[in-house]
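Visitor: Structure, please.
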Amino acid sequence: NGSSYDNPEDVEMVIHDGGISLSVRNDASFIVDARLSIYEHQSTVCPNMPVRSLIYFSVILSDMLSDKKKGTKKGKNIYGRRLVKIPTPYFVVFYNGEEEQPEVQELKLSD
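Guide: Numbering: from 1, shown residues only. Predicted coordinates:
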């Protein structure tokens, strides 16, 4: 995307704590410059990756809004009058399976 970051402090690794959704995991997630990048590696073609990515994002966002990571119960008030800012999601799937696939393709929830 043409970005360059020299300071490792600018990168926040996002880890889902599990709980009820222990089986809902992606390979890696990072927040850099208000952008949540979610990376997944696949060895089989899965046309449902947009839905799975939405679920990953929702679970991570739920953790962020409830402030589970910091161990508090306060969280963010999404029903209040103040705007709650969230990172922009960006999803990337790396594929190394044997089925022939385009080098780059864009999958959408609306497909």
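
Visitor: Point to the residue nearest the middle of this protein.
Guide: Ile38 (3.7 Å; CA atoms, centre = their mean).

Visitor: Isn't that residue up against Ser58?
Guide: No. Look at Ile38 against Ser58 with CB atoms under 8 Å: they stay out of range, at 11.1 Å. From N, CA and C alone the C-beta is placed, and that goes for glycine too.

Visitor: give me the element the residue nearest to the centre of the chain is part of.
Guide: If you go by DSSP states H and E, Ile38 is part of strand 35-42.

Visitor: In the following helix or strand past that strand, which residues are buried?
Guide: Next along the chain after strand 35-42, taking DSSP H and E as the criterion, comes helix 49-66. Neighbour-count burial for helix 49-66, with 16 or more other CB atoms under 10 Å as criterion, is recorded at Met49, Pro50, Arg52, Ser53, Tyr56, Phe57, Val59, Ile60, Leu61, Asp63, Met64.

Visitor: from those residues, which is closest to Phe30?
Guide: Closest approach to Phe30 among the buried residues of helix 49-66 (CB to CB): Ile60, at 10.9 Å.

Visitor: For Ile31, which non-adjacent residue is closest in space?
Guide: Residue nearest to Ile31 in three dimensions, not counting chain neighbours: Glu12, with 4.3 Å by CB to CB, 6 or more residues apart in numbering.
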